[in-house]
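Asker: Next input, structure requested:
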Amino acid sequence: MSLTSPCTVMRVRRRASARGVALLAMAFFVQTTSGCLSNQYTIQRDELKRLASVPPDVRGQGVRLSQNIGDRRSDAIDPEPPPPPAVVEDQPSETDVAIQIEDGGGSGGGRGVRRGPRDLPGARSGGGWRGSPAGGGHAAPRVGGGTFRGTPAGHGGGSMSVPSGGGKDSAAELLVVIAVLAIVAATAGTIGLVASEGVRFDGHAEVAPAQLLYLRTGSREEVVALGDLTPAQAARADDAVVKDDEGYGLRRLDRAPLDRTGGVFRLELGAGLFTVGDTLASGLSAHIQGGVYLTPTFGLVLDLGLGSGTIDPCCAGALAASGTLARHSISLEAQSLPLRLGPLHLGGFAGGGFALARADGLDASGPVASAGALIELDLTSHMALVVRAGASRAWLGDQTSSTGTLTAGVAIY
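Answerer: As a prediction, this is how the structure comes out:
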């Protein structure tokens, strides 16, 4: 006699299948979004042309470059100035010059004044870039060693509870499990993006005139010192690579401001209120977004809105008072951030798509429209904190569903 009904087997298989798909998606997402910060930095053609137009001895004081994502072969060279030389007492040597002044017959003997090698004409204290000046037959930088002197130019995780639905099987449970696993996968992917794309350096750096540049033209590569770069070489190169783990290294200066133009990924978590007809629920809300910004202030993104909460006994309507309500949506959003106050950006969004709601005794879907406000705070050249306050309304057959959410998270550009 079987102790398991066919319905129970089907339900277990559906849950296992959903978990498996979500875990595979998470593994794929982590694999494709994680990366390392490379030892290589790219200099674009326009910057190469600018560098070639200024004198060799000053062209390395503010080089605009961008760190690459990829493997790092070794640690970056520390470009800090070397410690001051140890003080050595003057000792008589063959080069000493002694001046004897007689005392006119006194019994005390003569008094002498000595000038050591450091006092002779032509003696200098160490300073400047290590190695020969650019353009003067300098030797190639030593890989892994050397440094330069100079002054820079111009310048939780938390626990997350899932409504249990009062211990009863409900139509919303599968959606809740899928939502939680999707959030876990997106969180893992966000961590990988923050550790790579989010913190990679994009800005200005100080580079020694003798530092090697690897000029790239199609599949060809030409190696030249920064101080020896000619306008003709800069004009025909697509771009150039400079490496922070060889020669004299490089000293990072200021980061470039955030530029949203291009791809974007966002993850936001927070709280929300959900209604379907006369039923009211409150609980977890999340937004997972991916898209492209066509300008620094306007973008189009695909939004996956996830929400689930416990039904309020006072406003259960026709649904079970101890149940769980799941309310998800997928929408295309237009976003704009036209107002700027330093690193703070203000704007809003509007979108439309498809929504579904599930609970014990409820399985409905239909079109949805949403709108709200966006606030972003720049952190790096590719990462910002984001706060979102939004509302949506869905038409689910013969009843409507509304949501109000407040979420916060991180955006990677």
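
Asker: where along the protein do the helices fall?
Answerer: Per DSSP state H, the chain carries helices over the ranges 6-33, 45-52, 173-193, 231-236.

Asker: now Q289, nearest residue through space, not along the chain?
Answerer: R266 (4.2 Å; Cβ to Cβ, 6 or more residues apart in numbering). To be clear about C-beta, it is placed using only N, CA and C from the backbone, and glycine gets the same treatment.

Asker: that older thread, flag whichever of the helices of the chain has the least confidence on average.
Answerer: Of all the helices of the chain, mean pLDDT reaches its minimum on helix 6-33 (a mean of 42).

Asker: Beta-bridge partners for S401, please?
Answerer: On the basis of DSSP bridges, S401 takes part in beta bridges with V276, A394.

Asker: In contact with it, which residues?
Answerer: Residues in contact with S401 (Cβ atoms under 8 Å, 6 or more residues apart in numbering) are 274-277, 327, 355, 357, 364, 393-395.

Asker: now with 7 Å?
Answerer: Taking Cβ atoms under 7 Å, 6 or more residues apart in numbering, we find S401 in contact with 275-276, 327, 355, 357, 394.

Asker: so which of those residues comes closest to A369?
Answerer: Distances from A369 to these, taken as Cβ to Cβ, are shortest for A394 (7.9 Å).

Asker: okay, now the closest one: neighbour count?
Answerer: By other Cβ atoms under 10 Å, the residues close to A394 number 25.

Asker: and what of V180?
Answerer: 19.

Asker: for G203, same thing?
Answerer: A total of 18 residues lie near G203 under the criterion other Cβ under 10 Å.

Asker: same thing with S74?
Answerer: So S74, with other Cβ under 10 Å, has 12 neighbours.

Asker: how about the nearest residue to it, chain neighbours excluded?
Answerer: D245 (4.5 Å).

Asker: The one you found and D78, how far apart?
Answerer: Noted for D245: a distance of 11 Å to D78, by Cβ to Cβ, to the nearest Å.

Asker: surely P338 meets G348?
Answerer: No: contact between P338 and G348 fails when scored by Cβ atoms under 7 Å: they sit 9.2 Å apart.

Asker: tell me the pLDDT at the spatially closest residue to G249 that is not a sequence neighbour?
Answerer: Spatially, and ignoring its direct neighbours in sequence, G249 is nearest to I77 (3.2 Å; Cβ to Cβ, 6+ apart). Reported pLDDT at I77 in the predicted model: 91.

Asker: same question, D90
Answerer: At D90, the pLDDT recorded in the model is 52.

Asker: what does stretch 262-274 rub up against?
Answerer: Contacts of stretch 262-274 (Cβ under 7 Å, 6+ apart): 186-187, 190, 193, 280-293, 299, 301, 307, 309, 325, 327, 386, 388, 403-413.

Asker: Of those residues, grab the buried ones for ChimeraX.
Answerer: Selection of the buried residues among the contacts of stretch 262-274 in ChimeraX, burial being defined by 16 or more other Cβ atoms under 10 Å:
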select :186,187,190,193,280,281,282,283,284,285,286,287,288,289,291,293,299,301,307,309,325,327,386,388,403,404,405,407,409,410,411,412,413
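
Asker: Let's see which of the contacts of stretch 262-274 end up in strands.
Answerer: Applying DSSP state E to the contacts of stretch 262-274, the entries found in strands are 280-293, 299, 301, 307, 309, 325, 327, 386, 388, 403-412.

Asker: ok, back up a step: give me the distance between the residue nearest to Q289 and I191.
Answerer: 14 Å.

Asker: do the same with D303
Answerer: 21 Å.

Asker: low-confidence ranges in the stretch 151-300 of the chain?
Answerer: 151-172 (pLDDT under 70).

Asker: Which residue ranges make up the domains of this protein?
Answerer: 40-80+144-153+201-255, 257-413 (automatic domain parsing).

Asker: Need those in JSON lines (columns: distance to E173).
Answerer: JSON lines is the format used below for the domains of the chain (distance: least, Cβ to Cβ, whole Å):
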{"stretch": "domain 40-80+144-153+201-255", "distance to E173": "39"}
{"stretch": "domain 257-413", "distance to E173": "7"}
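
Asker: Quick one: closest of these to L174.
Answerer: Evaluated with Cβ to Cβ, the domains of the chain place domain 257-413 nearest to L174, the distance being 8.0 Å.

Asker: coming back round to it: D245 and D78 - which one has more neighbours?
Answerer: A direct count of neighbours by other Cβ under 10 Å for D245 and D78 places D245 higher, at 17 against 9.

Asker: contacting residues for the more buried one?
Answerer: Shown in contact with D245 (Cβ under 7 Å, 6+ apart): 39, 73-77.

Asker: Ok, I288 next?
Answerer: Counted by Cβ under 7 Å, 6+ apart, I288 has contacts 182, 186, 267, 304.

Asker: Name the residues that touch stretch 357-374?
Answerer: In contact with stretch 357-374 (Cβ under 7 Å, 6+ apart) are residues 168, 170-172, 175, 276, 318-320, 323-327, 329, 331, 335, 337, 347-356, 386, 388-397, 401.

Asker: tell me the mean pLDDT for that stretch?
Answerer: Mean pLDDT, stretch 357-374: 92.

Asker: can you name the two of the contacts of D245 that are farthest apart?
Answerer: Of all pairs drawn from the contacts of D245, the greatest distance, 12.4 Å, lies between R73 and I77 (Cβ to Cβ).
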